[in-house]
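Asks: next comes the sequence, and after it the predicted model I'd like to discuss.
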Amino acid sequence: MSNSSFPAWLAAQAAQREERGLTRRLTESDRGEPLLDLAGNDYLGLARDARVVAGAIAAAQVYGAGATASRLVSGTLSIHTELEHAMAAFTGFASALAFSTGYHANLSIVQALADRDTLVVSDAHIHPSMIDACRLARADVTVTPHNDVAAVERALAGRTQRRALVLIETIYSVLGDAARVTALADLCAACDAVLVADEAHALGVAGPGGRGMLAAHGLTGRPDVIATATLSKSFGAQGGLVLGVPAVREHLVNRARPFIYDTGLAPAAAGAALAALRVIEVTPELACRVRANAAILAGACGIDAPAGAVLSVPMPGPREALASVATAAEQGLRIGCFRPPSTPDGISRLRLTAHADHTSEEIALAAKILRRIAPGVGQ
Ligand SMILES: Cc1ncc(COP(=O)(O)O)c(C=O)c1O
């Protein structure tokens, strides 16, 4: 390709996206009039909690602004160990490993466990980080229809590979529905497969005191059940986790390239996450509150109550979804939308999130606005 054709190629790509209503744009959410946030993933309202912010500041003061090296060089700090022990104890897993993001946690676990002699069975609605992880692992992948346990069973029964991994989210990020975790864990145990369950949208929200879906179903003690999680949603911070038996942690430290070749989690993020954990531990009602708010919001909108904090409203197309987001913003409400290619089934959706710190007045106002702008809502 000649240099002169490169700008033309970029312009053609941009024009194609624009024509289909699929252009992605970055907007600064801290500018302009403050909006009622039903778009972000700060489910428990902890990102701006004074105790959590103080945890970040204190950690930066003690450990510095960055971890300064990868974990295996000199970037493992005592605050990482403290965070890992505390998160394992909270969720009921035997051990944890912290990553710089949830994305890295997902890349790492699949890349480290899957090889060319592994079948990866992946739910159709799995997060893109897991999809990228499969590509990185170069494993054989079978994509099964969403939440279809029988399809997973068929895929595992027909496998020719020596080992198998099953990838799910415990609460799905786009649809907001829950996986059938017990059935899938039992199936994996029966088929000599490992279940890798992404708790990104369940940790802090689902299970007793926010301990997650796997804890809720008594699955955290099984050696063939592994969880991944992010600290960037309910915990209001940044970072990722893999939770499992110590042998899994040790394997990751030795084999997971996105862990080995990445600088350790920033101390401020670790400090914030630890502070958020302390808040969650002493305020178990936060998880109940966010679920109650989600149920009220869903009820007011005329859709089914979600498994966690995420509500999903199908829209006729991407332009309608964008128009609803803009109208909501004009009326004081920030909502999100997912458009292809970010939706696994190609359907554009409004994505709303409930937060534990929303008042009943705020939720009622949100429902009133949504009834006006979203076709199908409130029917
Ligand atoms: C289901 C799921 N897994 C993983 C991630 C990645 O987490 P992080 O933002 O910490 O990289 C996300 C975040 O968007 C997610 O929704």
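Replies: Perfect, I can see it now. Numbering: from 1, shown residues only.
Asks: mind listing what the one residue in the stretch 101-250 of the chain that gets nearest to the ligand touches?
Replies: Using C-beta to the nearest ligand atom, the closest approach of the stretch 101-250 of the chain to the ligand is made by Gly102 at 2.5 Å. Where C-beta positions appear, they are placed from N, C-alpha and C, glycine not excepted. Contacts here follow C-beta atoms under 8 Å, 6 or more residues apart in numbering; on that basis Gly102 touches 129, 198, 200, 228-232, 239-241.
Asks: can you report phi and psi for it?
Replies: Gly102 adopts backbone torsions of phi -70, psi -30, taken as degrees, to the nearest 10.
Asks: show me what the closest residue to it other than its chain neighbours bridges to in the sheet.
Replies: In space, and not counting its chain neighbours, Gly102 is closest to Thr230: 2.9 Å by C-beta to C-beta, 6 or more residues apart in numbering. Note on Thr230: beta-bridge partners by DSSP bridges are Gly240.
Asks: that older thread, go through the contacts of Gly102 and say which is closest to Arg17.
Replies: Closest approach to Arg17 among these (C-beta to C-beta): Ser129, at 22.4 Å.
Asks: check which helix or strand covers that closest one.
Replies: Using DSSP states H and E, Ser129 maps to helix 128-137.
Asks: near the ligand, which residues of this structure show up?
Replies: Contacts of the chain with the ligand, taken as C-beta under 6 Å from any ligand atom, map to 101-103, 106, 127, 129, 169, 173, 198, 200-201, 230, 232, 240.
Asks: need those in JSON lines (columns: distance to Ala151).
Replies: Listed next are these as JSON lines, based on distance: C-beta to C-beta, whole Å:
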{"residue": "Thr101", "distance to Ala151": "30"}
{"residue": "Gly102", "distance to Ala151": "26"}
{"residue": "Tyr103", "distance to Ala151": "26"}
{"residue": "Asn106", "distance to Ala151": "22"}
{"residue": "His127", "distance to Ala151": "19"}
{"residue": "Ser129", "distance to Ala151": "22"}
{"residue": "Glu169", "distance to Ala151": "16"}
{"residue": "Ser173", "distance to Ala151": "20"}
{"residue": "Asp198", "distance to Ala151": "19"}
{"residue": "Ala200", "distance to Ala151": "23"}
{"residue": "His201", "distance to Ala151": "22"}
{"residue": "Thr230", "distance to Ala151": "27"}
{"residue": "Ser232", "distance to Ala151": "31"}
{"residue": "Gly240", "distance to Ala151": "28"}
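Asks: point out the least confident one among those.
Replies: Among the residues of the chain next to the ligand, Ser173 has the lowest pLDDT, at 93.
Asks: picking that back up, can you pull the contacts of the residue nearest to Gly102?
Replies: Neighbours of Thr230 in contact, by C-beta under 8 Å, 6+ apart: 101-102, 105, 200, 203, 239-241.
Asks: check Leu113 too.
Replies: Here Leu113 is in contact with 137, 163, 165, 194, 196, 251 (C-beta under 8 Å, 6+ apart).
Asks: tell me the most packed of these, by neighbour count.
Replies: In terms of neighbours by other C-beta atoms under 10 Å, the contacts of Leu113 top out with Val196 at 28 neighbours.
Asks: my read: Ser173 touches Ala202, true?
Replies: No: contact between Ser173 and Ala202 fails when scored by C-beta atoms under 8 Å: they sit 10.4 Å apart.
Asks: higher neighbour count, the two?
Replies: Shown here are Ser173 and Ala202; by other C-beta under 10 Å, Ala202 has more neighbours (32 against 21).
Asks: pretty sure that one is touching Pro306, no?
Replies: No: Ala202 lies out of contact with Pro306 (C-beta under 8 Å); the separation is 11.3 Å.
Asks: what is in contact with these two at once?
Replies: Joint contacts of Ala202 and Pro306 (C-beta under 8 Å, 6+ apart) are Ile171.
Asks: the residue nearest to Gln331 when sequence neighbours are not counted: what's it in contact with?
Replies: Take Gln331 and drop its neighbours on the chain: the residue closest to it by C-beta to C-beta, 6+ apart is Ile369, 4.9 Å away. The contact partners of Ile369, by C-beta under 8 Å, 6+ apart, come to 328, 331-333.
Asks: please, a PyMOL command that selects the buried ones among the residues you listed?
Replies: Of those, the buried ones can be selected in PyMOL as follows, counting by 16 or more other C-beta atoms under 10 Å:
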select buried, resi 328+331+333
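Asks: need the max-distance pair from the contacts of Ile369.
Replies: It's Ala328 and Gly332 that sit farthest apart of the contacts of Ile369, by C-beta to C-beta, at 8.1 Å.
Asks: and the closest residue in space to Ala328 that isn't next to it in sequence, bridged to which residues?
Replies: Take Ala328 and drop its neighbours on the chain: the residue closest to it by C-beta to C-beta, 6+ apart is Ile335, 4.8 Å away. Following DSSP bridges, Ile335 is listed with bridge partners Leu38.
Asks: residues touching Ile335, list them.
Replies: Shown in contact with Ile335 (C-beta under 8 Å, 6+ apart): 38-39, 324-325, 328, 350-352, 370.
Asks: may I have the phi/psi pair for Thr353?
Replies: Torsion angles, degrees, to the nearest 10, at Thr353: phi -120, psi 140.
Asks: can you pull the pLDDT of the nearest residue to it once chain neighbours are set aside?
Replies: Distances taken as C-beta to C-beta, 6+ apart put Ala309 closest to Thr353, at 5.1 Å, once the chain neighbours are dropped. Among the per-residue scores, Ala309 shows a pLDDT of 97.
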